[in-house]
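Engineer: Next come a sequence and a model predicted from it.
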Amino acid sequence: MSKVTKDAAQLNLPVEKLLGDWIVCIPGFTLEKYRQLQRSRLSIFSMNCFGGILSHILGLSFYSPFVNLRMVEHAFIRFMYSSRDYMEKKLVFKEKKWQSALGGFYYPVFTLGDVTLYMNHYPDFDEAQNKWYERKSRINWDNLFVTMYTEDEKILERFDGLPFSKKACFVPFKSDLDSAWYINPEIKKGEPFWRIVNLFGYGDPFYYDPFDMLLYGKKTPLIEM
């Protein structure tokens, strides 16, 4: 899709005229909602890969640097309570770490003030840094969606206090808090919860309507949980 988008740009075709055929098969799809989402320039701040995965599946541009990286729960919440201040800080290289996934490679770890960013999908350290600043420049502060996952009720309570109208914390337990989005772990029994959340981003399965979620922060369940 990215190649098609680049080719279309060279022909001066508007991006919103492009629509991947798989997108119309996503539950909850309507052309009106999809066009609205495309035009909204939504920035997704995500604790892990979920935001980038979902944006990719929906054919959306990345208006956030929170792609192909992860943070720990406490750091992400601390960041989100002062997100504008943190985004003014400079990335500082901390160390490199090895991961055996994706063929195995060393990836860079950066700090942003007192929070740590694990760029675990970037074997190229320069690319990781350049992509952060490139996507940071696109942030639409007027339209944010904030998301994370946790298995800790106290973390959920802290997340619920974040001053954002559209936010979702995926949890494997039921809660009355508005920001708690329950996913029954028994549906993917044996999988770690972080992977269950990422599989939702891929649509395996879509637990909630992704269009209602990103456009309005609205919970529209698509399967029985």
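Structural biologist: That came through, no problem. In this text the structure is predicted, and so the values were computed from the model without any measurement. Numbers count the residues shown, from 1 in each chain.

Engineer: so residue 34 makes contact with residue 210?
Structural biologist: No - taking contacts as Cβ atoms under 8 Å, residue 34 lies outside contact range of residue 210: 10.4 Å. Quick note: C-beta positions are derived from backbone N, CA and C, even for glycine.

Engineer: And the strands in the protein?
Structural biologist: 43-46, 92-99, 105-112, 115-118, 144-149, 167-171, 180-182 (DSSP state E).

Engineer: Turn these into JSON lines, including mean pLDDT, mean neighbour count and distance to residue 29.
Structural biologist: Converted to JSON lines, those look like this (pLDDT from 0 to 100; neighbours: other Cβ atoms under 10 Å; distance: least, Cβ to Cβ, whole Å):
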{"stretch": "strand 43-46", "mean pLDDT": "98", "mean neighbour count": "23", "distance to residue 29": "18"}
{"stretch": "strand 92-99", "mean pLDDT": "94", "mean neighbour count": "12", "distance to residue 29": "35"}
{"stretch": "strand 105-112", "mean pLDDT": "96", "mean neighbour count": "18", "distance to residue 29": "34"}
{"stretch": "strand 115-118", "mean pLDDT": "98", "mean neighbour count": "19", "distance to residue 29": "33"}
{"stretch": "strand 144-149", "mean pLDDT": "98", "mean neighbour count": "24", "distance to residue 29": "18"}
{"stretch": "strand 167-171", "mean pLDDT": "98", "mean neighbour count": "23", "distance to residue 29": "19"}
{"stretch": "strand 180-182", "mean pLDDT": "98", "mean neighbour count": "19", "distance to residue 29": "20"}
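
Engineer: closest to residue 161 out of the ones you listed?
Structural biologist: strand 167-171 (10.1 Å; Cβ to Cβ).

Engineer: In CSV, please show the C-alpha coordinates belonging to the closest one.
Structural biologist: The C-alpha coordinates for strand 167-171 follow below in CSV (Å, rounded to 0.1, in the frame of the first residue of the first chain):
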residue,chain,number,x,y,z
LYS,A,167,-8.4,6.4,25.5
ALA,A,168,-8.4,2.6,25.8
CYS,A,169,-6.6,0.4,28.3
PHE,A,170,-7.1,-3.2,27.3
VAL,A,171,-7.5,-5.5,30.3
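
Engineer: Note down every partner strand of that strand and its orientation.
Structural biologist: Sheet pairing of strand 167-171 (DSSP bridges) gives strand 144-149 (parallel), strand 180-182 (parallel).
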